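**Student:** Provided below for reference: sequence and predicted model.
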Amino acid sequence: MISALKILRAGPYISVQDEGRSGWLRSGVSQGGAMDGRALEEGRLLVGNERGLAALEMLGLGGRFEVMGSPLTLALSGASFAAKVEGKAIDPLTSFTLQPGQVLEIGSAKSGNYGTLSISGGIDVKPVLGSRSTHIRAGFGGFEGRLLKRGDVLPIGEAAGQSRGLSLVLEKRLANEKIRIIWGAQASLFDENELQRFIDTKFEVTHEIDRMGACLATDAAPIHSEQGLVAISGAIALGDIQVAGGGRPVVLLADRQPTGGYPRIGTIIAADLADFVQRPAGASVEFCPVSEEEAIKAYHKMHIEQMMLPEQLVRDFGDPYDSHRLLSKNLISGAVGSIRNASDKDRFS
Amino acid sequence: MRPVEAYEHPRLSMVGEALLIVEFGVKLSPDINDIVIAFDHFLQDNPMRGLLESAPMNKSVALRFDPLYVPPQQFRDSVLELVAAFDAATSVAGMKARRWRFPVCYGGEMGPDLAKIADQAFMSEQAVIAAHCSLVQRVFMIGFAPGFLYTGMLPDMFKLPRLPEIKPMVSAGSVSVAICQTVISSTPNPTGWHVIGSTPFRNFDPDRDPPFLIGAGDEIAFYAIDLEQYKDLRQSDQQGMQQIVREEAV
């Protein structure tokens, strides 16, 4: 039987996303895809999907979702959102099954920005340019090329197998206080003082955050580049930090314009991108330059952690207050917490 | 022979840990852009380990690769080997441009900034349109947004600075000029350029096969259509549209 997910109420910024598209940079299309790739992968494992299927991505606020057709297995990952079904709280990083007619209610983000709702079988929309990701600005991909709204009915693909009752028990992440960057090829357009000031400045994430980019603010004087404003357009990388005329940094993200002429002072390393995009408005950001070698080392570590994720799946016995599961969770996170002295940034735990 | 503006040795620079830029010259020029496009073809004929995609830009080729499979230093070395094996002059001589006829409805609501440009140049709008259509334009690159074309170079009367204020949104198909270049959009976009017309043609249409028609290195000959023709053409299906902008090898 065909399943669907009906949107009874939608937060302002919910879209269909997968791992993004590759090979279209020459036609002016950046990769797009999930803002927090790690969360997409965690959700995929929890609902037992093959790689490449699409999930829902929510910025700041969830919505009400009703299951139609046959039962669906779902899971929440990424930013921590308050969620419940029929009054009963839903744990993040734990898959659960909803019967037709049952309603999942997802509130606002308690920490972080982007939440992922994964569904067994994936969201069955037609891939465009090789991906189901919504390119909101250009209006293609995903569900009708747009953000979701009340009344939308999302077709759900056929699930690969049974997967309910899985939890991911993750080590608390040792969050980096500072976001690591590699200096940009155009860093030379800024003088030494300005580069040092960029590193010394504590920036603040503003409310201007979306899939295209994140604007940062500071009380300090704007970062200045005289020569930078005449640069000839070239390719922009994911995580590039652009400093335009106003001197305020903008971090360019998944749905960024793929080319630009404003100078980019540096690039956030791949391993720290998820941490950055999950910092909510008002959070502080400091940057720390690292070598290419260190960035690659961190990238490999991230990849290995992702490959090890299936090892951390724990079978759940259905009852969210089940003692066995609770015990296993506490044992593991407790042990890790004591060893690694995990920081308060537990939004991925 | 190497064009005077081109670097003797292309410059390699990394952006982050997964994007390598191979830059062939410092200025925007058709000669350097020729080399860029020839090198991009060369890359496609010589597959590289770890390369995810390459994209020709104004004066550089961007190479996105996966550093999990090839460390950046090794990737740079492989690119340097390719650069050494790349014979720019011969490759450029062997390239064939495709040419497209490109209908534009100039002025009025379709091109609100045309009158201002005509005034500044002490010319009639008709003369500005004739100037814009007079020379075959090269597509330097596609960027900024899906299917968004950067073409040039226009006569000096189009040597206009960008607008001081960004227009928050102009419609898909807008044809705009600044700095002796024309840009043509396929999707609604904000712009800092002067909008002089609109084309019924969309270089990007996700429902068409292929979704993109025009590529970097292609040539465009603009021709003027009136509002009636514009509306008719917007009605015609995309196959019909392909006939209108039909390509021909030059």
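**Tutor:** Received the coordinates, thanks.
**Student:** Count the neighbours of residue 94 for me.
**Tutor:** I'll assume chain A. By the measure other CB atoms under 10 Å in any protein chain shown, the count of residues near A:Thr94 is 22. Placement of C-beta: from N, CA and C, glycine included.
**Student:** To clarify, I was referring to chain B.
**Tutor:** By the criterion of other CB under 10 Å, B:Gly94 has 10 neighbours.
**Student:** What of the one 5 residues further on?
**Tutor:** Neighbourhood size, B:Arg99 [other CB under 10 Å]: 16.
**Student:** Where does pLDDT dip in the stretch 51-200 of chain A?
**Tutor:** A:162-164, A:172-176 (pLDDT under 70).
**Student:** now do 90
**Tutor:** Where the stretch 51-200 of chain A drops to pLDDT under 90, the residues are A:159-165, A:169-177, A:185-191.
**Student:** Whether stretch B:87-106 contacts chain A - can you check?
**Tutor:** No. Using CB under 8 Å from any CB of the partner chain, we find that stretch B:87-106 stays clear of chain A, coming within 14.8 Å at best.
**Student:** for that stretch, which positions count as buried?
**Tutor:** The neighbour-count check on stretch B:87-106 (16 or more other CB atoms under 10 Å in any protein chain shown) flags B:Ala88, B:Ser91, B:Val92, B:Ala97, B:Arg98, B:Arg99, B:Trp100, B:Phe102, B:Pro103, B:Val104, B:Cys105, B:Tyr106 as buried.
**Student:** Where does confidence bottom out across these?
**Tutor:** Across these, the smallest pLDDT goes to B:Ala97, namely 87.
**Student:** which residues touch residue 117?
**Tutor:** This is for chain A. When the contact criterion is CB atoms under 8 Å, 6 or more residues apart in numbering or on different chains, the partners of A:Leu117 are A:Gly43, A:Ala55, A:Leu56, A:Met58, A:Gly62, A:Phe65, A:Leu74, A:Ala75, A:Leu76, A:Leu104, A:Ile106.
**Student:** actually chain B
**Tutor:** B:Ile117 touches B:Val128, B:Met157, B:Phe158, B:Leu160, B:Val177, B:His194, B:Ile196, counting by CB under 8 Å, 6+ apart.
**Student:** repeat that with 7 Å
**Tutor:** B:Ile117 makes contacts with B:Val128, B:Leu160, B:His194, B:Ile196, as judged by CB atoms under 7 Å, 6 or more residues apart in numbering or on different chains.
**Student:** Also B:Met157?
**Tutor:** B:Ala121, B:Ala131.
**Student:** ok, for whatever residue of chain B ends up closest to chain A, nearest residue in space, not its chain neighbours?
**Tutor:** Nearest residue of chain B to chain A: B:Gly143, at 3.1 Å (CB to the nearest CB). Excluding the flanking residues, the one nearest B:Gly143 by CB to CB, 6 or more residues apart in numbering or on different chains is A:Thr259, at 3.1 Å.
**Student:** I'd say the one you found and A:Ile232 touch.
**Tutor:** No. A:Thr259 is beyond contact range of A:Ile232, at 10.1 Å (criterion: CB atoms under 7 Å).
**Student:** Beta-bridge partners for A:Gly213, please?
**Tutor:** A:Leu252 (DSSP bridges).
**Student:** what's the spacing between A:Ala160 and A:Glu194?
**Tutor:** With the distance defined as CB to CB, to the nearest Å, A:Ala160 ends up 52 Å from A:Glu194.
**Student:** Looking at the two, which has the bigger crowd around it?
**Tutor:** In this view A:Ala160 and A:Glu194 are compared by other CB under 10 Å, and A:Glu194 has more residues nearby, 20 against 14.
**Student:** Assign that one to helix, strand or coil.
**Tutor:** At A:Glu194, secondary structure determined by DSSP: H, G, I helix; E, B strand; the rest coil is helix.
**Student:** What distance do you get for it to chain B?
**Tutor:** Here the criterion is CB to the nearest CB, to the nearest Å. By it, A:Glu194 lies 19 Å from chain B.
**Student:** show me what contacts that residue?
**Tutor:** A:Ile223, A:His224, A:Ser225.
**Student:** and which of those is nearest chain B?
**Tutor:** The closest of the contacts of A:Glu194, once distances to chain B are taken by CB to the nearest CB, is A:Ser225, at 16.6 Å.
**Student:** Touching, the closest one and A:Gly245? I think so.
**Tutor:** No. Judged on CB under 7 Å, A:Ser225 makes no contact with A:Gly245 at a distance of 9.0 Å.
**Student:** Tell me which of the two has more neighbours.
**Tutor:** Applying other CB under 10 Å to A:Ser225 and A:Gly245 shows that A:Ser225 carries more neighbours, namely 22 against 11.
**Student:** And what about the more buried one, helix, strand or coil?
**Tutor:** Secondary structure, three-state DSSP: A:Ser225 is coil.
**Student:** B:Val36 now?
**Tutor:** B:Val36 is classified as helix under three-state DSSP.
**Student:** Could I get the buried residue list for the helix or strand harbouring A:Lys110?
**Tutor:** Using DSSP states H and E, A:Lys110 sits in strand A:103-119. Within strand A:103-119, the residues that count as buried by 16+ other CB under 10 Å are A:104-106, A:109, A:111-119.
**Student:** now, which of those residues sits nearest chain B?
**Tutor:** If you rank those by distance to chain B using CB to the nearest CB, A:Tyr114 comes first, at 20.4 Å.
**Student:** Excluding covalently adjacent residues, which one is nearest to that closest one?
**Tutor:** A:Met35 (4.6 Å).
**Student:** give the contact list for the closest residue to A:Val85 other than its chain neighbours.
**Tutor:** Counting by CB to CB, 6+ apart, the nearest residue to A:Val85 once its immediate chain neighbours are dropped is A:Leu104, at 5.4 Å. Listed by CB under 7 Å, 6+ apart, the contact set of A:Leu104 reads A:Phe65, A:Leu74, A:Ala83, A:Val85, A:Leu98.
**Student:** Pull up the residues of chain B that are close to chain A.
**Tutor:** Within chain B, the positions adjacent to chain A are B:13-19, B:21, B:28, B:52-53, B:55-60, B:62, B:64, B:67-68, B:71-72, B:142-148, B:187, B:206, B:211-212 by CB under 7 Å from any CB of the partner chain.
**Student:** Write the ChimeraX selection for whichever of those are buried.
**Tutor:** Buried residues within these, by 16+ other CB under 10 Å, are selected in ChimeraX with:
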select /B:13,14,15,16,17,18,19,21,28,52,55,56,57,58,59,60,62,64,67,71,72,142,143,144,145,146,147,148,187,206,211,212
